[in-house]
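[1] Show me how the following folds:
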Amino acid sequence: MGSEGPKPVVIHVTGFKKFQGVAENPTETIVSNLRDFIQKRGLPNGVTLGSCIVLETAGDGALPMLYKIMESGISGADALSNEQVVWLHLGVNGGAHKFAIERQAVNEASFRCPDELGWQPQQLPIVLEDGGTTQTRQTSCSVEAIMKFLKKKGYDVTTSDDAGRFVCNYVYYHSLRFAEQKGHKSLFVHVPLFSKIDKETQMQFAASLLEAIAATC
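    Numbers count the residues shown, from 1 in each chain. Okay, the predicted model is just below:
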């Protein structure tokens, strides 16, 4: 009996639609075009691109869709093939000039403006049973290793401990909780606007990010 090789990795990707102040969300474009882009570029052996879904930029009202998507990533096939399932969420930071890998999410919903379904919570726990609004959940992905991989590829990337308190943080917190329960991994990455880093570079970054996640899982 030989030693087991690395697990096959399936990476599901989500982005967001427009929201107040951002008429064109780059993550909607990236996620909508990612499958065709990857088919042309290719991925390393053992890595599969799973679902590519664009979410409403909304918190509580969008949760049913988020959980439906994440539940769909669980199947008998996953268990039989012993796959490592990773949930990769992309969001935009309109003021950023570089990519940011988010280490954690905070159990606090304090939206600076109403989300796209009109909800604007203030200082509410995202998951009440988790405790207060200072509670955090950390990704089990190797953030430093992913950043190192991407920097070697020439991308301007940093790490962050604060995903904000808007929908990005809200979705990330739920995803991290779900991933922990199911034995999956979850990661959130903020990207700049296309006016700061152009579309082609961001598409290349997204493909390299999939490779980085797979290489460091």
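
[2] Buried ones in the lengthiest helix in the chain, by neighbour count?
    Counting residues, the longest helix found in the chain (DSSP state H) is helix 199-216. Buried residues in helix 199-216, counted by 16 or more other Cβ atoms under 10 Å: 202-214. Yep, even glycine has a C-beta here, placed from its N, CA and C like the rest.

[3] Dump the residues you listed to TSV, plus distance to Thr133.
    Output for the buried residues of helix 199-216, formatted as TSV (distance: Cβ to Cβ, whole Å):
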residue	distance to Thr133
Gln202	32
Met203	36
Gln204	37
Phe205	32
Ala206	32
Ala207	36
Ser208	35
Leu209	30
Leu210	33
Glu211	36
Ala212	31
Ile213	29
Ala214	34
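
[4] which helices and strands sit right next to the longest helix of the chain?
    Helix 199-216 sits against strand 9-16, helix 26-41, strand 47-55, strand 84-92, helix 143-152, strand 185-191, with contacts defined as 3 or more Cβ pairs under 8 Å, 6 or more residues apart in numbering; DSSP states H and E.

[5] Name the residues of stretch 34-46 that come out as buried.
    Per 16+ other Cβ under 10 Å, stretch 34-46 contains these buried residues: 34, 38, 43.

[6] The residue nearest to the spatial centre of the chain - nearest residue in space that isn't next to it in sequence?
    Central residue of the chain (Cα atoms, centre = their mean): His89, 1.6 Å from the mean position. Excluding the flanking residues, the one nearest His89 by Cβ to Cβ, 6 or more residues apart in numbering is Phe188, at 4.6 Å.
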